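S.K.: Would you be able to build a 3D model of this:
(chains A and B)
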2 protein chains.
Amino acid sequence: MEYYSNQISRLIEELSRLPGIGAKSAQRLAFHLIHMPKEQVEKLAETMVSARNHVRYCKECCTLTDDELCPICRNEQRDHRTIMVVETPRDLAAYEKTGKYEGVYHVLHGAISPMLGIGPGDIRLKELMVRLEGDVDEVIIATNSTLEGETTAMYISKLIKPTGIKVSRIASGVPVGGDLEYIDEVTLLRALEGRTEL
Amino acid sequence: MEYYSNQISRLIEELSRLPGIGAKSAQRLAFHLIHMPKEQVEKLAETMVSARNHVRYCKECCTLTDDELCPICRNEQRDHRTIMVVETPRDLAAYEKTGKYEGVYHVLHGAISPMLGIGPGDIRLKELMVRLEGDVDEVIIATNSTLEGETTAMYISKLIKPTGIKVSRIASGVPVGGDLEYIDEVTLLRALEGRTEL
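M.R.: Numbers count the residues shown, from 1 in each chain, chains lettered A, B, ... in the order given. Sure thing, here's the model as predicted:
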C-alpha cells in the first residue's frame, strides 16, 4: 500500500485482521482513529489491553469476568439450583437481556464438533459435572440450534441423565414475529413436532 | 450491562462508538480481543496510539502521512505538473489502486457544503492555490460526484481559470451520488480517460 504512509498502512492492516472488518471498514476505522482526540485513542487502546489482561474465567460458571466470581454467580437473589448451559458469554448476555431468567449459567466456550475436531474434553464440560455434585434441580441446555449445538445437547443430556437431575432443552420453532413463508423446512417441522396444546 | 463484567462492558461500549460498529459487532470484537494473544492486543493498541500521534499533513499535497512529504510527493518519477484534486486520502488511495495515474494529488479534506456550513476556507484550497504559483500544466478535479463535490469542482475551476492553467473534471463514468472510494478501478479509469476541460 504505497499510497498510504507506513503508520496508516500498518494500522489498516492490523484492523483488517479483526473479525467482520474488511479492507474498506479498516480504512474507514483507521482514518476515524487518526482524527479522534488523542486522549480518546489512548483510552480505547488502554481499555483493550486492560480487558485482555484482566478478564478471566468465573470460577463457578466459566463465563468471562474481572473477578473470581462473575456478578451473576455472586448474586444471592438468583436461583443457584437451576443452571442454563450456553455456548458463549454472548449467548448468556442474550438470555440476560430478556430479564426473566432467574437461574444461573454455565458457559461451555464452544460446542462439540467432530468436523472441527472439538471433542467433549475441549469445552468446559468437566467443570459443569463438578457443579452437579452440589444441589442442582435442573439443567436447561441452551446450546445453539445448529448441528454442533444439538450434538452437544444430546451428549450432555446423556451424561446427566444417570445423576437423576432434570435435564431440559430450550424449544426450537418459528421465531416470534417470523413469517412462515421465509422460514426453512427443518424449523417448520421442528415447530410442528414441538406443538403445545392450547 | 450487568451481564458483562466491568472491563468487558467498557470495552464493548468504547468499540461501539467507532463508525460502522454496532452493538453486536462491538460484542464480537470485544470477545475476539479478549481471546487474542496478549502481545497482539498490545501491538494493535500501540499502533493505534502511534498512528494517531505521528500522522500529519503532507506539506505539499495535504494528505495524511508520517513525514514532511508523503511518498507520492517525494517520488521524482511522478509528474508533478499534473495535480489531481480529491476530497479525502481514501479517494487518493482509490485512484492510486488503479496504478495508471502518474501525476500527483491535492487532498482537500472535505468539500464545500453550504448546508453543513463548510465554506471554501474550511478545506485545503488555499494550499492548492499556492501550489499553482509553481509549474503546473493541469489540475484534474476528482471530487465526488455528489452535490458538494460538484459545487467544489465548479468553485475551484472558476478560481483557476484566470491563471490560464488547464482545468479538467473526471468524466461522469462515476455514477451520480457515488462515493469514489467504493467504485471499481475500471470505472475510475474510464472516468479519468473521459475527463473534459472545464
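S.K.: could you pull out the helices for chain A?
M.R.: For chain A, the helices defined by DSSP state H occupy A:6-16, A:23-35, A:38-54, A:71-74, A:89-98, A:126-131, A:147-160, A:185-193.
S.K.: Let's have those in TSV, adding mean pLDDT and distance to residue B:99.
M.R.: Where you see a C-beta, it was placed from the backbone N, CA and C, and this is true even at glycine. Converted to TSV, these look like this (pLDDT from 0 to 100; distance: least, C-beta to C-beta, whole Å):
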stretch	mean pLDDT	distance to residue B:99
helix A:6-16	91	17
helix A:23-35	91	17
helix A:38-54	93	32
helix A:71-74	93	54
helix A:89-98	87	42
helix A:126-131	96	55
helix A:147-160	93	44
helix A:185-193	79	48
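S.K.: just so I know, which of the ones you listed lies nearest residue B:24?
M.R.: Residue B:24 sits nearest to helix A:89-98 of all these, at 8.7 Å, using C-beta to C-beta.
S.K.: out of the helices of chain A, nearest to residue B:41?
M.R.: Among the helices of chain A, helix A:38-54 sits nearest to residue B:41 (C-beta to C-beta), with 4.3 Å.
S.K.: Could I get the buried residue list for the strand ranked longest in chain A?
M.R.: Counting by DSSP state E, the longest strand found in chain A is strand A:79-86. By 16 or more other C-beta atoms under 10 Å in any protein chain shown, the buried positions in strand A:79-86 come out as A:80, A:82-86.
S.K.: from the residues you listed, which is closest to chain B?
M.R.: residue A:86 (11.3 Å; C-beta to the nearest C-beta).
S.K.: Grab the most central residue of chain A for me.
M.R.: residue A:88 (1.9 Å; C-alpha atoms, centre = their mean).
S.K.: Quickly note the distance from that residue to chain B.
M.R.: 7 Å (C-beta to the nearest C-beta, to the nearest Å).
S.K.: residues touching that residue, list them.
M.R.: A:107, A:109-110, B:31 (C-beta atoms under 8 Å, 6 or more residues apart in numbering or on different chains).
S.K.: if you set the cut-off to 6 Å instead, what comes out?
M.R.: Contact partners of residue A:88, counting by C-beta atoms under 6 Å, 6 or more residues apart in numbering or on different chains, are absent.
S.K.: Can you report phi and psi for it?
M.R.: Here is the backbone geometry of residue A:88 (degrees, to the nearest 10): phi -140, psi 160.
S.K.: average model confidence for the longest strand of chain A?
M.R.: Strand A:79-86 carries an average pLDDT of 95.
S.K.: ok, it near chain B or not?
M.R.: No - interface with chain B: strand A:79-86 contributes nothing (C-beta under 6 Å from any C-beta of the partner chain), its closest point being 11.3 Å away.
S.K.: Check which helices and strands that strand sits against.
M.R.: strand A:103-107, strand A:138-141 (3 or more C-beta pairs under 6 Å, 6 or more residues apart in numbering or on different chains; DSSP states H and E).
S.K.: how far away is the closest residue to residue A:97 other than its chain neighbours from residue A:131?
M.R.: When the adjacent residues along the chain are set aside, residue A:97 lies closest to residue B:3, with 7.3 Å between them (C-beta to C-beta, 6 or more residues apart in numbering or on different chains). Between residue B:3 and residue A:131 the distance is 19 Å, computed by C-beta to C-beta, to the nearest Å.
S.K.: Would you quantify the distance from the closest residue to residue A:169 other than its chain neighbours to chain B?
M.R.: In space, not counting the residues next to it along the chain, residue A:169 is nearest to residue A:141; the distance is 4.9 Å by C-beta to C-beta, 6+ apart. For residue A:141, the distance to chain B (C-beta to the nearest C-beta) stands at 19 Å.
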